[in-house]
Structures are given as structure tokens and as C-alpha cells.
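Novice: got a structure for you, letters missing:
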């Protein structure tokens, strides 16, 4: 039977193989740990300091002189290209905007012209309309005046006749009643008075 | 009889040499450097004028993230530091990630070596930047912020010196190291618990299926470590930016 | 670590002064980390809570608030991590 003793001292394992022929005859398989705890786990080991710092220094130096500048240059190139694209887009947008503005100005001119034409036409139309209206109104007025005078004269004539008739009838009636012919002037005046009152009422 | 033999902490985080003085930590650090170089090399090989996608998109996203952070903390003048801070962030992240990758399961930053080295580098850098931009006035501004009464100067100077020169690199290194080590120890603890429960030779038969509980916790913690690995790299990077920014400008802010 | 393993494994009675020292160190380590976690726990809660409040009030400033929040968390957390380091130092 083979017996191995593993001893752990100062970070290294020591494996001792006991052969039953050479070692005693205890025959037990013993894996013993050295009770000594070794150096404190907080104390840095020189070999680790050297290896890890070496790795870091290599990494940092490569980063400083090779890796980072290359990446940064690529990023800057992309940023400038994007900015140029942006500027190009801005220029295109500006030119499109001026074109739109030109078109709109033209459109506004044409619209103004059309409006002016319409205005002129409307004005002449209006003038014609008012002139016609004036002549027609004047015609209507003269016709109305003529008709009014005709009516008035007819009325006056009728009134004269009625007056004469009434005077006649009145003087006749008074003559019959009184037996004496009244003064025609007085009767005429009274009839005219009464009739004028009646007409005016 | 159930018994969990928790291994000595040195057995959990110290590694044998593979050859010479090259051990698992060194291997993973070198792999991190190689992967970082490979990613940025492949990204740089892609046509830059097309819309970025895949690996180039990834690299450009990281670069823009770093530039954003620098703009916020240092300002426009700080952009010259981009490659250095970029490599710091990427390297720390790639060294944190092996903590959750099966088989590897060990963050490089859970050993003090790398955080200490990086913290010392950051320390040298921010003091050098301060001396270059403010000459000797840097130490004056640092030790005695404007408006300190004369009687308080020795005390304030002492505190500021301790906080800016001694505690800053110390806390920077300890923060990264202890976070990753704590995460690693948590994963080790729960995987050991789970394994011990599954393999327990016991007459209490309910004990064996109980091993599923630490296993769930292990899965949850692994997901949590994904977040922590990124967050610690980010915090290391942003603190570096803040320290450099404070060294460049004479305004003084209390931070360590 | 020791405390954990002792909790789970069957407890052996302490026999030698060396073992007593080790047990005391383990208990001290447990207390060290537990106590160190209290303050930063409250502190991080405060930082994150206030940051969320600020983000809810001014969502357009969320990026800046988040960055500052992570800085605050980092500074606060450092104390808990120092406690964790002491825990490892004592527990060994």
C-alpha cells in the first residue's frame, strides 16, 4: 500500500510518498495540512506584483500608443463624415427651401394679378350697374311725377265738380227751405270750407 | 456526523506556481491583458465609417463611457488621460471577472498585488499632476484648505496630510482588494456549505436535500458578484479621475 | 471563518491555552466585522435613499446624482471593508 503525505508550506505543496517497505507499517492514508497558516493573505507577494503589474503596464502602454489612437481616429473620421453628411443635408434643405420660396413668390404674384383683373372687372360691372340703375330710377321718377300730377289735376277737377254740385244742391235746398235764394258766394265758401275739412281729415 | 472543515484561507486564495514564479493569478492577469488588447485590436480593425456594431460598438461604448466620466470629473482638459484611465478600467474589470467564471473562480484583484500596484501608480500620478499644475502651491492647498484659522493649521495639516497622502492610496487599494476577496470568500463559503450538506454521511436524512439552500444562495451571490465586479472597476476608475481632477484644480474637496 | 466552521462542526472542548486564544480571536473577528458593518450599512442606506429622492425630484440630473452616489458609497463602504480586513487578520 502506498501512502502519500501532502504538506502545505509557504504556498507550495510538498508531496511525500511513503512506501510500506521503506516507511513504517501504519498503513493509513494521511493527507495532512501543515497547521502553520503561512504568510498573511493581505501581504502582496512579490512574484504576483511583478506579473500583474507587468501585464498592466504592457496593456496600458499598448493602449496609449497604439490601440486607443487607432480607435479614436476611426471614431473621429466617422464623426466628421457624419457631420459632413449633415452639412450636405442642410445645404440641400436650404436650397430646396429657397426654391419653395421662389415658387411661392411667383404664385403670390400670379394670384395678385388675377385678383387685380377680377377687381377691375367687378368695378366696371358695378359702375355699369349703378349707371343703369340711375337712368331707370330717373325714368321711374319722371313717370311717377307725371302720374302724380295727372292724378292731382283729375282730383282737383273732380273736387271742383263735386263742389259745384254740392253748392248747387245746398243752395237749392236752402232756397226750398227758406224760400229765398242764398248768397251764392257764402254757400260756395261754406261748402269749400266743409269739403276742405273733410278732405284734410 | 456532519463536519465542515473550512480550509485555511491561504489554501483558498494562494496558488501554486505553474512554472517558475508564474501562478494562476499571473496567468489570469496576463490573460486579462491579452483579452483587452485583443478586443481593442479587433475593434480597431473594423471599418470605422460604417455604423459600429459588435466588438467595435462595445469598444466605442466603453471609450465614450470613460470620456463621459472624465468630462464630469476632470473636465475637458482631462481628456488626454483617456487612454490611461480606459486601460485602468478595462484591466481592473477583466481582472475582477474571473471571480465568477467557472473553473477560474478567482479574481486577480482578490490578491493584494494588483490593487496595491495600481493604487501606488494612481498615487504617483495624482501627486505628479498636482505638482505640475500648481507647483509648490499644491501641497499648500492640500494641507491647508483656504479659510483655516492659523491656530488650527498644524492639526488640519496633519489630518489632511494623512487623508490625502497616506489614506487615499491605502483605501483605494483596500476597497478593491477587500471587495473582491469578500465576494470570493462568500462564494467559497456557500459552495463548501452546499457540498458538505450534499455529501454528509448522516442519519438525519432531511439534512442532505437542505444543501439546495446554500446552492441557491451561491447562484444569487454569483449574480451579485457580476455587479460588484463592474462596480468596483467603475469606482476605482472614477476615484482616479476625481483625484486627478482635484490635483489639477486648486479647489479643495474633502475626500479620501 | 473559524467561527463558521466551529458553528457547523461538532464543538470540541477547549483544552490548551493556544486553542483558547484561537477561539477568542475567532470570536473577536466575528465581532469586529459585525460592528464594522453597522455604521457603513446605515450610511450607505442614507446615501442611496437621498440619491433616489434627488433623482425622483429632478430626473434630468439623474446621471450626476448617480455618479456622486457611487462616490459616496465607495467612501462609506471603505470603513466596512477595513473591518473585513481586520476580520481576516484576526481570524487567522
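Specialist: Yep, that arrived. Just so it is clear, the model here is predicted, and its values are computed rather than measured.
Novice: Could you use CA atoms for every contact and neighbour count after this?
Specialist: Will do.
Novice: Number of residues surrounding residue B:67?
Specialist: Residue B:67: 22 surrounding residues under other Cα atoms under 10 Å in any protein chain shown.
Novice: Longest helix in chain A, please.
Specialist: In chain A, taking DSSP state H as the definition, the longest helix is helix A:68-178.
Novice: Can you name the element that comes right after the top helix by length along chain C?
Specialist: If you go by DSSP H, chain C has its longest helix at helix C:17-57. The first helix or strand that comes after helix C:17-57 along the chain, using DSSP states H and E, is helix C:62-91.
Novice: Any regions of the chain where pLDDT drops low?
Specialist: This is for chain A. For chain A, the stretches flagged by pLDDT under 70 are A:1-38, A:198-201.
Novice: You answered for a different chain; I wanted chain C.
Specialist: Applying pLDDT under 70 to chain C flags residues C:1-12, C:91-92.
Novice: now swap in the stretch 1-150 of chain B and tell me
Specialist: Low-confidence segments of the stretch 1-150 of chain B, defined by pLDDT under 70: B:1-5.
Novice: can you pull out the strands in it?
Specialist: All strands of the stretch 1-150 of chain B, identified by DSSP state E, counting those that start in this stretch, fall at B:17-19, B:22-23.
Novice: Identify the residues contacting the residue most central in space within chain C.
Specialist: Most central in chain C under Cα atoms, centre = their mean is residue C:37, positioned 3.4 Å from the mean C-alpha point. For residue C:37, the contact set (Cα atoms under 8 Å, 6 or more residues apart in numbering or on different chains) comprises C:80, C:83.
Novice: The same query, at a cut-off of 7 Å, please.
Specialist: Contact analysis of residue C:37 by Cα atoms under 7 Å, 6 or more residues apart in numbering or on different chains lists residue C:80.
Novice: Residue C:87 versus that one, what's the distance?
Specialist: Per Cα to Cα, to the nearest Å, residue C:37 is found 11 Å from residue C:87.
Novice: One more: residue C:32?
Specialist: For residue C:32 relative to residue C:87 (Cα to Cα), the value is 6 Å.
Novice: same check, this time on residue A:41
Specialist: Taking Cα to Cα as the measure, residue A:41 falls 12 Å from residue C:87.
Novice: Mean neighbour count and distance to residue A:178 added to the strands of the stretch 1-150 of chain B, as a markdown table?
Specialist: Formatted as a markdown table, the strands of the stretch 1-150 of chain B follow (neighbours: other Cα atoms under 10 Å in any protein chain shown; distance: least, Cα to Cα, whole Å):
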| stretch | mean neighbour count | distance to residue A:178 |
| --- | --- | --- |
| strand B:17-19 | 11 | 176 |
| strand B:22-23 | 16 | 172 |
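Novice: can I get the ones you listed in CSV with distance to chain A?
Specialist: Output for the strands of the stretch 1-150 of chain B, formatted as CSV (distance: least, Cα to the nearest Cα, whole Å):
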stretch, distance to chain A
strand B:17-19, 8
strand B:22-23, 8
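Novice: nearest to residue C:77, of those?
Specialist: If you check each of these against residue C:77 by Cα to Cα, strand B:22-23 wins as the nearest, at 30.6 Å.
Novice: how many neighbours does residue A:68 have?
Specialist: Residues lying near residue A:68 (other Cα under 10 Å) number 23.
Novice: So for it, what's the nearest residue that isn't a sequence neighbour?
Specialist: Of all residues not flanking residue A:68 in the chain, residue B:83 sits nearest, at 6.0 Å (Cα to Cα, 6 or more residues apart in numbering or on different chains).
Novice: For burial, what's the neighbour tally of that neighbour?
Specialist: So residue B:83, with other Cα under 10 Å, has 24 neighbours.
Novice: Tell me who's in contact with it.
Specialist: Contacts of residue B:83 (Cα under 7 Å, 6+ apart): A:63-64, A:68.
Novice: before we move on, what about residue B:30?
Specialist: Contacts for residue B:30 (Cα under 7 Å, 6+ apart) come out as residue A:55.
Novice: Tell me how far the residue sitting furthest away from the middle of chain C lies from chain A.
Specialist: Each residue of chain C has a distance to the centre, and by Cα atoms, centre = their mean the biggest one is for residue C:60: 33.2 Å. As judged by Cα to the nearest Cα, to the nearest Å, residue C:60 and chain A stand 26 Å apart.
Novice: pLDDT score assigned to residue B:151?
Specialist: We have a pLDDT of 85 for residue B:151.
Novice: Spit out the contact partners of it.
Specialist: Contacts of residue B:151 (Cα under 7 Å, 6+ apart): none.
Novice: Would you check how far apart the nearest residue to residue A:170 once chain neighbours are set aside and chain B are?
Specialist: What sits nearest to residue A:170 in space, not counting adjacent residues and going by Cα to Cα, 6+ apart, is residue A:187, at 7.4 Å. Separation of residue A:187 from chain B (Cα to the nearest Cα): 127 Å.
Novice: phi, psi of residue A:187?
Specialist: Dihedral pair for residue A:187: phi -60, psi -50, per degrees, to the nearest 10.
Novice: For it, grab the count of nearby residues.
Specialist: The tally of other residues near residue A:187 (other Cα under 10 Å) stands at 17.
Novice: now residue B:221
Specialist: Per other Cα under 10 Å, the neighbour tally for residue B:221 reads 19.
Novice: Which residues are in contact with it?
Specialist: Residues near residue B:221 by Cα under 7 Å, 6+ apart: residue B:187.
Novice: Direction-wise, compare the helix or strand hosting it with helix C:62-91 and give the angle.
Specialist: Taking DSSP H and E as the definition, residue B:221 sits inside helix B:212-248. Between helix B:212-248 and helix C:62-91, the angle comes out at 110 degrees (axes from the mean of the first three to the mean of the last three Cα atoms, to 10 degrees).
Novice: what's the average pLDDT for helix B:212-248?
Specialist: Helix B:212-248 carries an average pLDDT of 92.
Novice: Remind me what the longest helix of chain A packs against, helices and strands.
Specialist: helix A:184-200 (3 or more Cα pairs under 7 Å, 6 or more residues apart in numbering or on different chains; DSSP states H and E).
Novice: List the buried residues in the helix it packs on.
Specialist: For helix A:184-200, burial by neighbour count (16 or more other Cα atoms under 10 Å in any protein chain shown) applies to A:187-188, A:191-192, A:195.
Novice: Same list, those, but as TSV with distance to residue B:146 please.
Specialist: Listed next are the buried residues of helix A:184-200 as TSV, based on distance: Cα to Cα, whole Å:
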residue	distance to residue B:146
A:187	135
A:188	134
A:191	130
A:192	128
A:195	125
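Novice: nearest to chain C, of the residues you listed?
Specialist: residue A:195 (103.3 Å; Cα to the nearest Cα).
Novice: Disregarding residues adjacent in the polypeptide, which is nearest to the closest one?
Specialist: Excluding its sequence neighbours, the residue lying closest to residue A:195 (Cα to Cα, 6+ apart) is residue A:163, at 7.8 Å.
Novice: what about the residue nearest to the centre of chain C, distance to chain A?
Specialist: Per Cα to the nearest Cα, residue C:37 is found 20 Å from chain A.
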